[in-house]
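# Provide a 3D model corresponding to the input given below.
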Amino acid sequence: MFDKKALQAEMLSVLQDNILSFWLDRMVDSERGGFYGRIGGDGAVDADAPKGAILNARILWAFSAAYRITGREDYLAAATRAERYLIDRFYDTQFGGVYWSLDAEGRPLDTRKQFYALGFALYGLSEYVRATGDREALRYAVALYDDIETRSRDRRCGGYIEAATRDWQPIEDMRLSAKDRNDCKSMNTHLHIIEPYTNLLRVWRNEELVESVRSLLDTFERHIVDPATGHLRLFFDEQWHPTSRIVSFGHDIEASWLLYEAATTVGDAATVDRFGALARRIAAAAAEGLQSDGSMIYESDAATGHSDTDRHWWVEAECVVGYYNLWQAFGDEEALDRSLAAWSYIKRHLIDDEGGEWWWSIRGDGSINRSDDKAGFWKCPYHNSRMCLESIHILGLINER
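Now for the predicted structure:
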């Protein structure tokens, strides 16, 4: 049996001394407010980089959750800084929702409404409410929920569309990023809408919200999880016809535990049982991406046979969490071994002990990827800090506030 206290000490040390210390020491923008938009893979701060809604919302979530677990006042100060910047700068007071990005001075830059970003803003604010009980943050969280339900939910075909203009009109380019398909529905947006909705349920038990979570669970079961393979299908047209055959192993393992978490938060035994079985099936499919060194590769395209064998920081973190949760929920010892093997890989390869934080990825040839950001629009203290916090929570060795 593994040493729970030793694992707790490791997770707490990496959380506090490697991840969050980096963001406190390097990313606070004392001159312009909020946090810098980017630190490159070379460790240099880009003070003029745009500030993304995803980055700010994930900073808010990470420090709120860390404060809730540890009670450290410096984490509360960082969370409050992010919460104020989100409300005061990112929130669109005219039309609602949040801007996609601001310039370095905090002025609106890209004003489109990407519902993935609204979801993360809701996730961060709801976690701040969990940590502090702040009523203003709850009001904004509920307003974002209403925006998503009113502006994004497809009442005819089901699910949620990807994006709109600032004033909620149809938008031609709905892509979340340049590498994504320009389709009106995606797995990724649905996963990161059910995630904040689940968190909001913890602080705002509303029957309409419960129905929204149930509907999302049904959408995953009916449309997103491939009944033949157990993998998540990634992109869809309006009527849920799949448009891609790419498998994202990291999203598979992440979804396995987020869907089960959503089911347990809704609360009835039948839903928990149903999605417990589905979680195990998705996690088994994700294991196709596991490697002999304990890592998980990024993705594979069933249409071409090509695999991206890079080991991305977020995929490895979700591998730890997903299989750890599988062990905790179902007593799956093989899942525990997989989780601990992924953690061992992270310690050996991804954690930057000298510069702080984690590298973006280890390339397929084993070299460190120093080209992509150390912190930035998509490189945030979210997957890795959540890995630490979830592990600490499951061990039950620190009481939640």
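# residues in contact with stretch 342-357?
The contact list for stretch 342-357, computed with C-beta atoms under 8 Å, 6 or more residues apart in numbering, reads 7, 10, 14, 18-19, 21-23, 25-26, 43, 293-296, 311, 313, 316-317, 319-320, 323, 358-359, 361-362, 368, 374-375, 381. From N, CA and C alone the C-beta is placed, and that goes for glycine too.
# swap the cut-off to 7 Å and go again
14, 18-19, 21-22, 26, 43, 293-296, 313, 316, 319-320, 358-359, 362, 374-375 (C-beta atoms under 7 Å, 6 or more residues apart in numbering).
# what's the burial count for residue 221?
Residue crowding around residue 221 was assessed by other C-beta atoms under 10 Å; the count is 14.
# what about the closest residue to residue 251 other than its chain neighbours, neighbour count?
Among residues not flanking residue 251 along the chain, residue 232 sits closest, at 5.6 Å (C-beta to C-beta, 6 or more residues apart in numbering). The local packing of residue 232 (other C-beta under 10 Å) involves 26 other residues.
# the helices in the chain, which residues?
Secondary structure of the chain by DSSP state H: the helices cover 4-13, 21-26, 53-70, 73-85, 115-132, 135-151, 187-201, 207-219, 249-266, 269-286, 313-330, 333-345, 383-395.
# dump those into a markdown table; add mean neighbour count and mean pLDDT as well.
Shown next, in a markdown table, are those (neighbours: other C-beta atoms under 10 Å; pLDDT from 0 to 100):
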| stretch | mean neighbour count | mean pLDDT |
| --- | --- | --- |
| helix 4-13 | 14 | 92 |
| helix 21-26 | 16 | 98 |
| helix 53-70 | 26 | 97 |
| helix 73-85 | 20 | 98 |
| helix 115-132 | 27 | 98 |
| helix 135-151 | 18 | 98 |
| helix 187-201 | 24 | 98 |
| helix 207-219 | 16 | 98 |
| helix 249-266 | 24 | 98 |
| helix 269-286 | 18 | 98 |
| helix 313-330 | 25 | 97 |
| helix 333-345 | 19 | 97 |
| helix 383-395 | 22 | 90 |
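# please render those helices as JSON lines that adds distance to residue 97 to the earlier fields.
As requested, the helices of the chain are arranged in JSON lines below (distance: least, C-beta to C-beta, whole Å):
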{"stretch": "helix 4-13", "distance to residue 97": "35"}
{"stretch": "helix 21-26", "distance to residue 97": "25"}
{"stretch": "helix 53-70", "distance to residue 97": "10"}
{"stretch": "helix 73-85", "distance to residue 97": "16"}
{"stretch": "helix 115-132", "distance to residue 97": "5"}
{"stretch": "helix 135-151", "distance to residue 97": "5"}
{"stretch": "helix 187-201", "distance to residue 97": "13"}
{"stretch": "helix 207-219", "distance to residue 97": "17"}
{"stretch": "helix 249-266", "distance to residue 97": "23"}
{"stretch": "helix 269-286", "distance to residue 97": "29"}
{"stretch": "helix 313-330", "distance to residue 97": "25"}
{"stretch": "helix 333-345", "distance to residue 97": "36"}
{"stretch": "helix 383-395", "distance to residue 97": "24"}
